[in-house]
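**Student:** Take a look and give me a structure for this.
(chains A and B)
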Amino acid sequence: MASVTHILGIESSCDDTAAAVLRIHDGRASVLSSVVEGQSGLHAAFGGVVPEIAARAHAEKIDLCVEEALAQADLPLSQIDAIAVTAGPGLIGGVLSGVMCAKGLAAATGKPLIGVNHLAGHALTPRLTDGLAYPYLMLLVSGGHCQLLIVQSHDRFTRLGGTIDDAPGEAFDKTARLLGLPQPGGPSVEAEAKAGDPKRFTFPRPLMDRPGCDMSFSGLKTAVLRARDQIVAEKAGLTTQDRADLCAGFQAAVTDVLRGKTARALEQYLAVNPEAPAIAVAGGVAANRSIRAGLETIASDYGVAFTAPPLRLCTDNAAMIAYAGWERWQAAQVDDMTLAARPRWPLDNRAPALVGSGKKGAKS
Amino acid sequence: MVRPCFQIDLPSPRKTAELAAMIGGLLRPGDVLLLEGEIGAGKTHFARSLIQSQMDTPEDVPSPTFTLVQTYDTGTGEIWHSDLYRLTDVSEVMELGLDEAMERAICLIEWPDRLGPDTPDTALHLRFDTLSDSARRITLSWAQGDWDDRLASLKTERAHG
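**Tutor:** Numbers count the residues shown, from 1 in each chain, chains lettered A, B, ... in the order given. From the prediction side, this is the model:
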């Protein structure tokens, strides 16, 4: 391998289509370009991610994204040394669009094709941005995901726990929906919570009294609903203050659960005696200031370095796919034209599934 | 016309999970279950319990709110778990491929009012009502199909239980 290597990354597993070019110079990675074409305009009309619609849009946009990423990196396709693409998990139509595009480019250029797990892309991002050493603790928290992982190598992840029902991002969305706040719920609930009293409503902290790192957020939204209905029954409506207090109480509960479970995960992580202990948080929910502050406090209590990649590399993007692809390539893990798109692809196959129904009281 | 058939009161999430597993055991490809009820009524809990009861190796069953559809391969056949809350128009049901899935897979559909005229006559309706923090009442009903025969064991079980 030459001392300068260029990797093209392609990502299309959810509602964004993305392409990026990564330069590796003497083992150090830098992002030359990272193009993310959101489909939010398209989805606004539909109010969410509609899989088949997303697939069509990905297929239409993906070539343009690759072209734009190459143009911004000021490189011709012939200078690309390998092509990394998200092969799952995600909406199958979208993932397929990316995989087909990558296969076409690999066939045309004769360069290696590398299939990447989307979640591994997120989990390895702190190495791209901060050069974290293995093993580090990772909290991945977004609209569709919530898990605590020890990242041991580019393809070895130990899942310590995760949500057994809704992801926190979804809980924010549903709370916003219940309170008549705009979507996405994350920013609107956070803004509303600023003027609220987090102590007025005591919402449950599900599974906090149980050992382990599993979390549950589904009961929380039900509790918000109850509290809202109770106020409405008492005074035939919600005041602005009521709504702010509900948001503040909800956000405090989510923060507490994430903080408490992360503390437990840190204990398990520190038991493996990492040389340079560090925790990284990624995913859109990491942008919430209250949650972030809570996690920073825990990290400093345990004397562990805290890092959160910049938001543009924290949410879905293709630079992380290019980076994860590079690590796989380093380990000689290359795919061929049989690379398949996988709708489900857990990072840690050894961890038992989070069987919600088997955990009594998860909803109470 | 959809007629109410019978109601089951479930005192806890665990009882809901047991009922879901029992109903899961009665299903075959082409069956459509419409899960109706407000946010927090237990629709996803029921669906998750049913899907996991049919899996050889238990797997995570995340909420489909974010992705709209999650699919699972089980011993009973493919199961589609979908949440139509975010849809605004009947035509989007086709975009999801749900119309086709309703013919060949087992479909568990939350917020099925979005189906409109595409609601299958043979679908089993399950209405979830909240009785208390942990207790739910489920009302089963249908317009057509052999649910009467297939759910007979459930009624007996209930009488004995």
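
**Student:** tally of neighbours for residue 32?
**Tutor:** No chain specified, so I'll use chain A. 18 (other C-beta atoms under 10 Å in any protein chain shown). Using the backbone N, CA and C atoms, a C-beta is placed for each residue, glycine as well.

**Student:** not quite, I wanted chain B
**Tutor:** With other C-beta under 10 Å as criterion, residue B:32 counts 25.

**Student:** Pull up the per-residue confidence for it.
**Tutor:** pLDDT for residue B:32: 97.

**Student:** next one: the one 10 residues further on
**Tutor:** The pLDDT attached to residue B:42 in the predicted structure is 92.

**Student:** The one 3 residues further on too?
**Tutor:** Predicted confidence (pLDDT) at residue B:45: the value is 93.

**Student:** where does the stretch 251-364 of chain A dip in pLDDT?
**Tutor:** Of all residues in the stretch 251-364 of chain A, those with pLDDT under 70 make up the ranges A:349-364.

**Student:** Tell me where it has helices.
**Tutor:** A:289-301, A:311-314, A:319-330 (DSSP state H, counting those that start in this stretch).

**Student:** again, but for chain B
**Tutor:** B:13-24, B:43-53, B:91-95, B:98-104, B:147-150, B:152-160 (DSSP state H).

**Student:** and the fourth one, is it in reach of chain A?
**Tutor:** No: counting by C-beta under 8 Å from any C-beta of the partner chain, no contacts exist between helix B:98-104 and chain A, the nearest distance being 9.6 Å.

**Student:** Can I get that helix as PDB, trimmed to CA atoms?
**Tutor:** Extracted C-alpha coordinates of helix B:98-104, given in PDB (Å, rounded to 0.1, in the frame of the first residue of the first chain):
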ATOM      1  CA  LEU B  98     -47.300  -3.600   2.600                       C
ATOM      2  CA  ASP B  99     -50.100  -4.400   0.200                       C
ATOM      3  CA  GLU B 100     -48.000  -7.200  -1.300                       C
ATOM      4  CA  ALA B 101     -46.700  -8.300   2.100                       C
ATOM      5  CA  MET B 102     -50.300  -8.700   3.500                       C
ATOM      6  CA  GLU B 103     -50.800 -11.500   1.000                       C
ATOM      7  CA  ARG B 104     -47.700 -13.600   1.700                       C
END
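
**Student:** Run through who's touching it.
**Tutor:** B:29, B:30, B:32, B:69, B:78, B:80, B:82, B:93, B:107, B:109, B:118, B:120 (C-beta atoms under 8 Å, 6 or more residues apart in numbering or on different chains).

**Student:** go on, the fifth one?
**Tutor:** Identification of contacts with helix B:147-150 by C-beta under 8 Å, 6+ apart yields B:5, B:26, B:124, B:140.

**Student:** contacting residues around the first one?
**Tutor:** When you say that, I think you mean residue B:5. B:139, B:140, B:141, B:142, B:147, B:148, B:151.

**Student:** Can you give me the distance of the fourth one to residue A:116?
**Tutor:** Right, residue B:142. From residue B:142 across to residue A:116, the span is 45 Å (C-beta to C-beta, to the nearest Å).

**Student:** which of these two has more neighbours?
**Tutor:** When residue B:142 and residue A:116 are compared on other C-beta under 10 Å, the one with more neighbours turns out to be residue A:116, at 31 against 21.

**Student:** pretty sure that one contacts residue A:86?
**Tutor:** Yes: at 5.6 Å, residue A:116 counts as touching residue A:86 under the criterion of C-beta atoms under 8 Å.

**Student:** which non-adjacent residue is nearest residue B:55?
**Tutor:** residue B:74 (5.4 Å; C-beta to C-beta, 6 or more residues apart in numbering or on different chains).

**Student:** give the contact list for the residue most central in space within chain A.
**Tutor:** Against the mean C-alpha coordinate of chain A, by C-alpha atoms, centre = their mean, the closest residue is residue A:283 at 3.5 Å. With contacts defined as C-beta under 8 Å, 6+ apart, residue A:283 is in contact with A:122, A:139, A:140, A:141, A:142, A:145, A:146, A:169, A:314, A:315.

**Student:** Pull the number of nearby residues for the last one.
**Tutor:** Right, residue A:315. 22.

**Student:** and it, what does it touch?
**Tutor:** Counted by C-beta under 8 Å, 6+ apart, residue A:315 has contacts A:16, A:142, A:283, A:284.

**Student:** What distance do you get for it to chain B?
**Tutor:** 14 Å (C-beta to the nearest C-beta, to the nearest Å).

**Student:** residues in chain B within reach of chain A, list them.
**Tutor:** Going by C-beta under 8 Å from any C-beta, the residues of chain B near chain A are B:13-14, B:17, B:20, B:38-40, B:42, B:44-45, B:48-49, B:52-53, B:57-63, B:65-69, B:71, B:85-88, B:92, B:95-97, B:133-134.

**Student:** Quickly find the element holding residue A:177.
**Tutor:** helix A:168-178 (DSSP states H and E).

**Student:** Only the buried residues of whichever helix or strand comes after that helix, if you could.
**Tutor:** Note on helix A:168-178: by DSSP H and E, the next helix or strand toward the C-terminus is helix A:185-193. Within helix A:185-193, the residues that qualify as buried are A:185, A:186, A:187, A:188, A:189, A:190, A:192, A:193, counting by 16 or more other C-beta atoms under 10 Å in any protein chain shown.

**Student:** From those residues, pick the one nearest chain B.
**Tutor:** The shortest gap between chain B and any of the buried residues of helix A:185-193 belongs to residue A:185, at 11.2 Å (C-beta to the nearest C-beta).

**Student:** so that closest one touches residue A:167, yeah?
**Tutor:** No: judged on C-beta under 8 Å, residue A:185 makes no contact with residue A:167 at a distance of 11.8 Å.

**Student:** how many neighbours does residue B:140 have?
**Tutor:** Quick note: residue B:140 (other C-beta under 10 Å) scores 20 neighbours.

**Student:** least confident pick among the contacts of helix B:98-104?
**Tutor:** Out of these, that is residue B:93, at 76.

**Student:** what about the residue nearest to that residue when sequence neighbours are not counted, how many neighbours?
**Tutor:** Excluding the flanking residues, the one nearest residue B:93 by C-beta to C-beta, 6+ apart is residue B:118, at 5.6 Å. For residue B:118, the neighbour count with other C-beta under 10 Å is 14.

**Student:** where are the low-confidence patches of chain B?
**Tutor:** Short version for chain B, where the test is pLDDT under 70: B:1, B:4, B:95, B:156-161.

**Student:** in it, which spans are strands?
**Tutor:** Remark: strands assigned in chain B by DSSP state E are B:3-10, B:32-36, B:69-74, B:77-83, B:106-110, B:124-130, B:136-142.

**Student:** Tell me the buried residues in the third one?
**Tutor:** Okay, so that is strand B:69-74. Buried-residue list, strand B:69-74, by 16+ other C-beta under 10 Å: B:69, B:70, B:71, B:72, B:74.

**Student:** Please render these as CSV that adds distance to residue A:247 to the earlier fields.
**Tutor:** Converted to CSV, these look like this (distance: C-beta to C-beta, whole Å):
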residue, distance to residue A:247
B:69, 30
B:70, 29
B:71, 34
B:72, 34
B:74, 39
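
**Student:** what sits against residue 69?
**Tutor:** Looking at chain A here, since you left the chain open. A:8, A:19, A:20, A:21, A:33, A:34, A:35, A:318.

**Student:** switch to chain B, that's the one I care about
**Tutor:** Counting by C-beta under 8 Å, 6+ apart, the residues that residue B:69 touches are A:51, B:80, B:81, B:82, B:96, B:97, B:98.
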